[in-house]
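**Q** Got a predicted structure here, sequence first:
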Amino acid sequence: MAHSRGGGRALDLDALAVGDRFRLFNFTQRDDYVVYLWVLRAMDRLRAVHRVRVDCEDVAAAMAELASVHDEVPTVDTSLRGRLDALAGDGIIHRLEDASRAGTLARYRNRQSVYQFSELGYRAFTAVEDVLAARVRDANLSRLVFSDILDDLKSLAAANRGGDEEQVYRRLSRLDGVMEDMVRRSARFHVTLGEIVTSTEASPELFLRYKNALLTHMTDFMAELDRYLPRLRGAVLEVEATGIGTMLARAADVDDRPFLSGGERMEDWKRRWEVLRAWFTAEPGAESGAAELRRATRTAVSGVIALLRQLTEVQRGGVNRASELRHLAEWICDTPDEDAAHALMSAAFNMGSARHLGGAHDDAEQISPRATWWDAPGVEVALTPFRTGRAAGPGIPQPVRADPRMRAGLRGLQVAAREAERQAARSLAASGAHGRVLDEAETRVLMALLTRALEARSVVSGRLKAATGSDDTVIVRLLPDPRGGSVRTAHGLLHLPGFTLEISARSGRARG
């Protein structure tokens, strides 16, 4: 699938350009990074009221205003100018000389520096602010956006068909913004959901509290996507039928970005349309972006259900990592002395004494048994135990030799075993399970089907419903019955309290 608007161009930068742009984030690595952050926030506050170029006094006044609202604003001493110069050295702001600000001759003789954000510097600052402002609760999938995209595509086709250049530009711009927002939301949601699924110990109570809303949110999104995807694909093809080249040329003509030439604007709109098209249409043998999003969401739903089942079992059993650590702490407190406590801690956390590497000499008779390790000659030690502490392995595995005759024999045994299972299943479907003694093969088939049926049963209004287990030959149904039932096998009598068995073939029905 095509790259997003920023991702493709970021890959074209060389190492020198990447290093220069990474330098914009140097203020986050300094010891007093909080002070630098609030200095930039003060400059952003002034920028919001159209005060682009500011001096030290303006920044100090803005920080004082922020301090009246936020208690965590640090106090900046006389080194404010030095901090602004450091930010200018990193390229996040520009330092300019403005003699018009000098009110006296003495100030004129001194350096009158003013500062303003650089374009890339402001982007770096807003990126840091976005990271600091990110919250897990804000992540969501936008399911209502598909109707807006469909309306915009239909309006785009009508505008291009009617030759309305301005309307073509408006609709393409709106589609580009909506698609960028949808991609960003979906990526953020799945990243956040992945963190939740892989870090269950962090807040299982929070997850259990919102599990129903989370599953409903993802299910509704998939249903809306399935409903709109064929219509969106048809709308994209309808737009292209009106003349894709003419549409892009009209958008490029109305585009008023002064720093791009006509050809560059044309290429930019062509790339944006290709990204949008790749989301809702797919080439032969490929998958569209919307289909990939649907598959990822379906996988996420399965992961959430698996996590929910795990947490439910943990709560039902009352054993988790927190309870185990509490029990361990109680045991350590109840030990009779410190030596026993240290021994228990060492056993629990696998903390052992240092193990020195050693080995036998090739000719042990040449070394006196009374020689100390300091005086004895050294022996060679393999790199694996030296670096990792583990014993050296047997070496590189040898290639597996193909044996067609053995494979054919194993395949024949598998086919024979499967045919024996099918024969036993047919016997069960024909003769039933009651009123006779089941042989070994029939018992194995019946137990496997009973396991599937018992795993699939559910409780409704405090009562157990009927359950079904099946394979490719027969179907076993567990039907509620107050008298219960029993089945005789070669190993004894199998009781089924509260249930009776019904066994039928897939092609026909036969009661057992």
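**A** Received the coordinates, thanks.
**Q** Glu169 contacts Ala249, correct?
**A** In this structure residue 169 is Tyr, not Glu. No. At 11.1 Å, Tyr169 does not count as touching Ala249 under the criterion of Cβ atoms under 8 Å. Every residue, glycine included, has its C-beta placed from N, CA and C.
**Q** the more surrounded of the two?
**A** Tyr169 (21 against 18; other Cβ atoms under 10 Å).
**Q** residues contacting the more buried one?
**A** 250-251, 254-255 (Cβ atoms under 8 Å, 6 or more residues apart in numbering).
**Q** again, only this time at 7 Å
**A** By Cβ atoms under 7 Å, 6 or more residues apart in numbering, Tyr169 lies in contact with 251, 254-255.
**Q** Name the member of these that has the highest neighbour count.
**A** Neighbour-wise, the contacts of Tyr169 (other Cβ under 10 Å) top out at Ala251, 27 neighbours.
**Q** Now that that one has come up, it's in contact with Leu172, right?
**A** Yes. Between Ala251 and Leu172 there is a contact at 5.0 Å, judged by Cβ atoms under 7 Å.
**Q** Determine the residues that are contacts of both of these two.
**A** Trp269.
**Q** Could you tell me which of the contacts of Tyr169 are located in helices?
**A** Counting by DSSP state H, the part of those found in helices is 251, 254.
**Q** can you list the contacts of Tyr169 in CSV and add pLDDT?
**A** Conversion of the contacts of Tyr169 to CSV gives the following (pLDDT from 0 to 100):
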residue, pLDDT
Ala251, 89
Val254, 89
Asp255, 88
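**Q** Looking at the contacts of Tyr169, which one is closest to Ile244?
**A** Ala251 (10.8 Å; Cβ to Cβ).
**Q** Report the helix or strand with the lowest average pLDDT across the chain.
**A** Least confident helix or strand, the chain: helix 105-109 with a mean of 51, by mean pLDDT, DSSP states H and E.
**Q** Send me the next helix or strand after that helix as PDB with only the CA atoms.
**A** Next helix or strand after helix 105-109 toward the C-terminus (DSSP states H and E): strand 113-117. Presented in PDB, the C-alpha positions along strand 113-117 are these (Å, rounded to 0.1, in the frame of the first residue of the first chain):
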ATOM      1  CA  SER A 113      18.200  39.800  19.900                       C
ATOM      2  CA  VAL A 114      14.700  38.700  19.000                       C
ATOM      3  CA  TYR A 115      13.600  35.100  18.600                       C
ATOM      4  CA  GLN A 116      11.000  33.300  16.600                       C
ATOM      5  CA  PHE A 117      10.100  29.700  15.900                       C
END
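**Q** residues in contact with strand 113-117?
**A** Under Cβ under 7 Å, 6+ apart, the answer for strand 113-117 is 43, 47, 52-55, 84, 88, 93-98, 101.
**Q** Contacts for the helix or strand following it next, please.
**A** Using DSSP H and E, the next helix or strand after strand 113-117 towards the C-terminus is helix 119-133. Outside helix 119-133, the residues that touch it by Cβ under 7 Å, 6+ apart are 21, 24-25, 28, 40, 44, 91-93.
**Q** Can you turn the buried subset of these into a selection I can paste into PyMOL?
**A** Buried residues within those, by 16 or more other Cβ atoms under 10 Å, are selected in PyMOL with:
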select buried, resi 21+24+40+91+92+93
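**Q** Tell me which of the contacts of helix 119-133 fall in strands.
**A** Using DSSP state E, the subset of those located in strands is Ile93.
**Q** Need the max-distance pair from the contacts of helix 119-133.
**A** Arg21 and Asp44 (19.4 Å).
**Q** And the host helix or strand of Arg184, what's buried?
**A** Assigning secondary structure by DSSP H and E places Arg184 in helix 165-198. Within helix 165-198, the residues that qualify as buried are 165, 167-176, 178-180, 182-183, 185-186, 188-190, 192-193, 196, counting by 16+ other Cβ under 10 Å.
**Q** same thing with stretch 486-506?
**A** In stretch 486-506, counting by 16+ other Cβ under 10 Å, buried: 487, 489, 494, 496, 499-504.
**Q** tell me which of the residues you listed is nearest to Ala467?
**A** Phe499 (8.5 Å).
**Q** Now do that closest one, the pLDDT please.
**A** pLDDT for Phe499: 78.
**Q** Show me the beta-bridge partners of it.
**A** Beta-bridge pairing for Phe499 (DSSP bridges): Pro480.
**Q** separation between it and Glu455?
**A** 14 Å (Cβ to Cβ, to the nearest Å).
**Q** same check, this time on Ser113
**A** Counting by Cβ to Cβ - Ser113 and Glu455 are separated by 74 Å.
**Q** The two: which has the busier surroundings?
**A** Ser113 (16 against 9).
**Q** Tell me the bridge partners for that one.
**A** Glu97.
**Q** Could you export the contacts of helix 119-133 as a markdown table, including distance to Ala61?
**A** Shown next, in a markdown table, are the contacts of helix 119-133 (distance: Cβ to Cβ, whole Å):
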| residue | distance to Ala61 |
| --- | --- |
| Arg21 | 31 |
| Leu24 | 26 |
| Phe25 | 27 |
| Thr28 | 25 |
| Leu40 | 15 |
| Asp44 | 14 |
| Gly91 | 25 |
| Ile92 | 21 |
| Ile93 | 17 |
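**Q** Save the contacts of helix 119-133 as JSON lines, and put in distance to Thr216 and pLDDT too.
**A** Formatted as JSON lines, these follow (distance: Cβ to Cβ, whole Å; pLDDT from 0 to 100):
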{"residue": "Arg21", "distance to Thr216": "42", "pLDDT": "87"}
{"residue": "Leu24", "distance to Thr216": "42", "pLDDT": "89"}
{"residue": "Phe25", "distance to Thr216": "39", "pLDDT": "91"}
{"residue": "Thr28", "distance to Thr216": "38", "pLDDT": "89"}
{"residue": "Leu40", "distance to Thr216": "41", "pLDDT": "92"}
{"residue": "Asp44", "distance to Thr216": "38", "pLDDT": "90"}
{"residue": "Gly91", "distance to Thr216": "47", "pLDDT": "90"}
{"residue": "Ile92", "distance to Thr216": "44", "pLDDT": "90"}
{"residue": "Ile93", "distance to Thr216": "47", "pLDDT": "91"}
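**Q** With respect to Met345, which of the contacts of helix 119-133 is nearest?
**A** Once Cβ to Cβ is applied, the member of the contacts of helix 119-133 that ends up nearest Met345 is Thr28, at 38.5 Å.
**Q** Thank you, goodbye.
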